[in-house]
Each structure stands twice: as structure tokens, then as C-alpha cells.
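>>> Got a predicted structure here, sequence first:
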Amino acid sequence: MNQTERSRSSYLTVAQTRRVYDRIGRIQDLQAFYEHRAVARLVACGDFEHAGSVFELGYGTGALAKRLLTRHLPVDARYTGVDVSPRMHELARRRLQGISRSELLVSDGSLRFPFGDAVFDRFVAAYVLDLLSPDHIDLVLAEAHRLLAGGGLLCLANLTEGATRPARLLTRIWRTLWSLHPALVGGCRPITITDYLDRMSWSIRHHTRGTTLAITSEVVVAINSTPADARR
């Protein structure tokens, strides 16, 4: 990431993001064709079997939440998710119906979340940070650092720079579309999330890139190496 990207104006506002994802609705699940492998890697490396509390930013249709709650998390673990789209909230609420350990919130777009310090074991964001501006990514990572207990894991998946020749071509096309009209690509663009993690107190535990149908994704699991009470 360079200063040019940080100063660009192509990022969707909260209101624009809400409109895009209210309109997309259930179609978002079709993105699984390229997200599936990355999300599976995130789940495999996130050690969710030993998590007592999970926070997810951007739960979408609730697909990942249901997967975690029914197949990976301990039976007494709790899940909390935040999303800006009322339509996604309704879809996720239906998908998680009957699972009492879940809490779904609709956000006003604020990146300061209404929870105390060090209250979660996992902070998850799958294909969300690539929607945000660089400054907002910094804010999310700072908030994740605050919310995670010492030893808690940050679990991220996002679009990233192409790893093959066809993927690099697609990256250029994707960035052009995003620059012209970001809503055409859901407001997302390829990023390199490790560029942001280097500036904070994270210790990277897992980092991979993989390409599916010329779309390259990045998966990062990082440990919060400084508890919230040690940062005061």
C-alpha cells in the first residue's frame, strides 16, 4: 500500500455500502466459489475448537457463523457479529434461528464496538477489510487489538494481489473497475493485509495466499501478543 491508495476517494461510504449489500442479499453466497478455500484455511488455522468467544465483523448471510457454531466452536462458546446491512442481518438471523449462543447486531458504521477490553478470543473478518479505506483498516485492527484477550487470534481473509499471471491480469482489471465505480465490485479491491499488521503488536502465526479461478485470496491468523490491560 502506498500514499496514493491511502488518499484515493473510491472507497464506499457506510450508506453506499449498506445499499450495495442490501441489494446483493443472498447472492453474496455465490462468492463462495472463490472464497471457499480461503475460508476453509481460516477456519482450520483459527483454532476455533478452543475459543470461548468469537467476534465477527461483517457476518453477511451468516454462513461462516453457522459453520463455526455447528461444527467447530465448543458447545458453550458464544458468537457476536456486526454488519451494516439490515438485509444481511435478516438473512443471517434466519440462518442462525434456534442457535441461542449467537448475537447479531446491525451497526451504524462506527468502528468502535460496544464491548469491553479483552472480552473475545477470536476476531474474524472474512472479505471485509478489502472493502475499507486504509485508515479504516487501521481503526479495525486497533479495535481488534483492544477486544482480543492476550493470546487471542485475529483471523482474516481478503482479496489480495494476483499470484499467477492470469490473476495479476485480473487484479489490474479489478482495480480499474474499482477506481471507476467501486460498487461494480462490491466496493472491494485487492490488498496486502500484512502491510497493516506490521505497524501493530501482532505476531503472525499463519499467512498463505491461494488462487481460485484467477482470484487470489490472502489468509492471515495473527496472535494478539499484548493483553489490553498491559497497554493501559
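Yes, it's here.
>>> Stretch 72-84: which residues count as buried?
His72, Leu73, Ala77, Arg78, Tyr79, Thr80, Gly81, Val82, Asp83, Val84 (16 or more other C-beta atoms under 10 Å). (Each C-beta comes from the backbone N, C-alpha and C, glycine too.)
>>> Per-residue pLDDT of the first one, please?
We have a pLDDT of 97 for His72.
>>> ok, for it, nearest residue in space, not its chain neighbours?
Spatial nearest neighbour of His72, excluding adjacent residues (C-beta to C-beta, 6 or more residues apart in numbering): Phe48 at 4.2 Å.
>>> On the pLDDT front, check the one you found for me.
Per-residue pLDDT puts Phe48 at 98.
>>> measure it to Asp121 for me?
The spacing between Phe48 and Asp121, counted by C-beta to C-beta, to the nearest Å, is 9 Å.
>>> next one: Tyr127
Taken as C-beta to C-beta, the span from Tyr127 to Asp121 is 21 Å.
>>> Check Arg41 too.
For Arg41 relative to Asp121 (C-beta to C-beta), the value is 19 Å.
>>> re the thing from before, quick one: the buried residues of stretch 72-84 as a markdown table, columns for distance to Arg26 and secondary structure too.
Formatted as a markdown table, those follow (distance: C-beta to C-beta, whole Å; DSSP: H, G, I helix; E, B strand; the rest coil):
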| residue | distance to Arg26 | secondary structure |
| --- | --- | --- |
| His72 | 23 | coil |
| Leu73 | 24 | coil |
| Ala77 | 27 | coil |
| Arg78 | 26 | strand |
| Tyr79 | 20 | strand |
| Thr80 | 22 | strand |
| Gly81 | 17 | strand |
| Val82 | 20 | strand |
| Asp83 | 14 | strand |
| Val84 | 17 | coil |
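>>> tell me which residues of stretch 26-45 are tucked away?
Gln28, Asp29, Gln31, Tyr34, Glu35, Arg37, Ala38, Val39, Arg41, Leu42, Val43, Cys45.
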